[in-house]
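Undergrad: A structural model of the following input is requested.
(one chain, ligands or ions: 1)
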Amino acid sequence: MPELPEVETVRRGLAPAMTGAVIAQADVNRPDLRWPFPDGMAERLTGQTVLGLRRRSKYILADLSGGETLLIHLGMSGRMLVSGDPLGQFAHEHPQAEKHDHVVLHMDNGARITFNDPRRFGAMDLMDTATADQHKLLSILGPEPLGNAFNEAHLIDAFDGKNSPIKSALLDQRIVAGLGNIYVCEALFRGGISPTRKAGRIAKPRVVALVPIIRDVLSEAIEAGGSSLRDFRQADGELGYFQHRFDVYGRENEPCRTQDCNSVIQRIVQSGRSSFYCKSCQT
Ligand SMILES: [Zn+2]
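TA: Here you go, the predicted model:
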């Protein structure tokens, strides 16, 4: 499941192929993904110039010249493929159409953007750009973890009196937008905080320290994604999935990487999701 760094990597990969280009043709091959597509989506996209690509949480937002914004969500298994980019950044032949190619955008610069999603948990929607932040998926979101509104005071305030484990608090999209299971595990490891500790019972200096840690964990992954883009340009044009080294995530029973720590990484299930952590380093 793509998390924020993967989505940001997809956005960065799409930008050179889409920004400033006109959607010459839009193929919408089914009526819905997770939700129905908006009425007349193909017609509303056709002829639009893509003014820019933004990201909010795990949504990619393409602002169009006609005043609408296309929202793209990759869901569980959504993939974006770029082929035929004339700028030479994606030197890929257009692939044969595949079964789960649900939406295909033919750009006037020769690029083709394919949204493929076998499990169909992804989504696309159109909204007025001016009121995009009021969209039902976006209006509920808290601050961006890499933005200025996510800061020490905000996190202290959000955790104040909270009885839920810090793991759930950090996954709460109203507290911080776009943080998912993997990067919460990694941030708590670096912060030395047990995922089971109640959010409201953590000393303020430890909460304060989490802010730069969360930013670092995400920024490092985005950087790894950036390096992966160069490889994907040479490979099959698929964007956004890359190998990244995690300290705890997916490392059950493997040795803790903290120097002189002899413990192994534990896995527990919290609210139906795996938490990976070191019992010695995280208290
Ligand atoms: Zn340890």
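Undergrad: drop to CA atoms for contacts and neighbour counts, all remaining ones
TA: OK.
Undergrad: Against the ion, how distant is the spatially closest residue to Ser280 that is not a sequence neighbour?
TA: With sequence-adjacent residues excluded and distances taken as C-alpha to C-alpha, 6 or more residues apart in numbering, Ser280 is closest to Ser263, at 6.6 Å. With distances taken as C-alpha to the ion, to the nearest Å, Ser263 is found 5 Å from the ion.
Undergrad: Thr9 too?
TA: Counting by C-alpha to the ion, the gap between Thr9 and the ion amounts to 30 Å.
Undergrad: Around the residue nearest to Ser280, how many other residues sit close by?
TA: In terms of burial, Ser263 registers 16 neighbours under the definition other C-alpha atoms under 10 Å.
Undergrad: That one contacts Val248, doesn't it?
TA: No. Counting by C-alpha atoms under 8 Å, Ser263 sits too far from Val248 to count as a contact (11.9 Å).
Undergrad: what do those two both touch?
TA: Cys256, Cys278 (C-alpha atoms under 8 Å, 6 or more residues apart in numbering).
Undergrad: average pLDDT across stretch 32-45?
TA: For stretch 32-45, mean pLDDT rounds to 96.
Undergrad: Could you do stretch 116-123 as well?
TA: This predicted structure assigns stretch 116-123 an average pLDDT of 91.
Undergrad: what's in contact with it?
TA: Applying C-alpha under 8 Å, 6+ apart, the external contacts of stretch 116-123 come out as 33-35, 37, 71-81, 100-103.
Undergrad: Determine how far the last residue of that stretch lies from the first.
TA: Its first and final residues considered, stretch 116-123 spans 11 Å by C-alpha to C-alpha, to the nearest Å.
Undergrad: Skip the chain neighbours and tell me the closest residue to Asp125.
TA: With C-alpha to C-alpha, 6+ apart as the criterion, Asp125 has its nearest non-adjacent residue at 5.1 Å, and that residue is Leu71.
Undergrad: I'd like the next helix or strand past the lowest-mean-pLDDT helix or strand in the chain.
TA: None of the helices or strands of the chain scores lower by mean pLDDT, DSSP states H and E than helix 204-234, at a mean of 85. Taking DSSP states H and E as the definition, the helix or strand that follows helix 204-234 towards the C-terminus is strand 266-270.
Undergrad: ok, then the element right after that following strand?
TA: strand 273-277.
Undergrad: packing partners for that following strand?
TA: On a contact count with 3 or more C-alpha pairs under 8 Å, 6 or more residues apart in numbering; DSSP states H and E, strand 273-277 meets helix 181-191, strand 266-270.
Undergrad: right, so these: which one is the most enclosed?
TA: Mean neighbour count, computed with mean count of other C-alpha atoms under 10 Å, is highest for helix 181-191 among the helices and strands packed on strand 273-277, reaching a mean of 22.
Undergrad: so how far is the first residue of stretch 139-148 from its last?
TA: End-to-end distance of stretch 139-148 (C-alpha to C-alpha): 18 Å.
Undergrad: Show me what the least confident helix or strand of the chain is packed up against.
TA: So helix 204-234, by 3+ C-alpha pairs under 8 Å, 6+ apart, packs with helix 4-18, helix 152-159, helix 181-191.
Undergrad: quick one: contacts of the second one?
TA: Which is helix 152-159. Helix 152-159 is contacted by residues Ala169, Ile175, Ala199, Gly200, Lys204, Val207, Val208, Val211 when judged by C-alpha under 8 Å, 6+ apart.
Undergrad: returning to that earlier point: and the helices and strands packed on strand 273-277 as a markdown table, adding mean pLDDT and distance to the ion?
TA: Converted to a markdown table, the helices and strands packed on strand 273-277 look like this (pLDDT from 0 to 100; distance: least, C-alpha to the ion, whole Å):
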| stretch | mean pLDDT | distance to the ion |
| --- | --- | --- |
| helix 181-191 | 97 | 9 |
| strand 266-270 | 97 | 10 |
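Undergrad: Would you tell me which of those gets closest to Thr283?
TA: When the helices and strands packed on strand 273-277 are ranked by proximity to Thr283, the top entry is helix 181-191, at 9.6 Å, counting by C-alpha to C-alpha.
Undergrad: Show me how far the closest one is from its chain's centre.
TA: Taking the mean of its C-alpha atoms, helix 181-191 sits 16 Å from the chain's own mean (C-alpha atoms, centre = their mean, to the nearest Å).
Undergrad: other SSEs contacting that helix?
TA: Using 3+ C-alpha pairs under 8 Å, 6+ apart as the contact definition, the elements that helix 181-191 packs against are helix 166-171, helix 204-234, strand 273-277.
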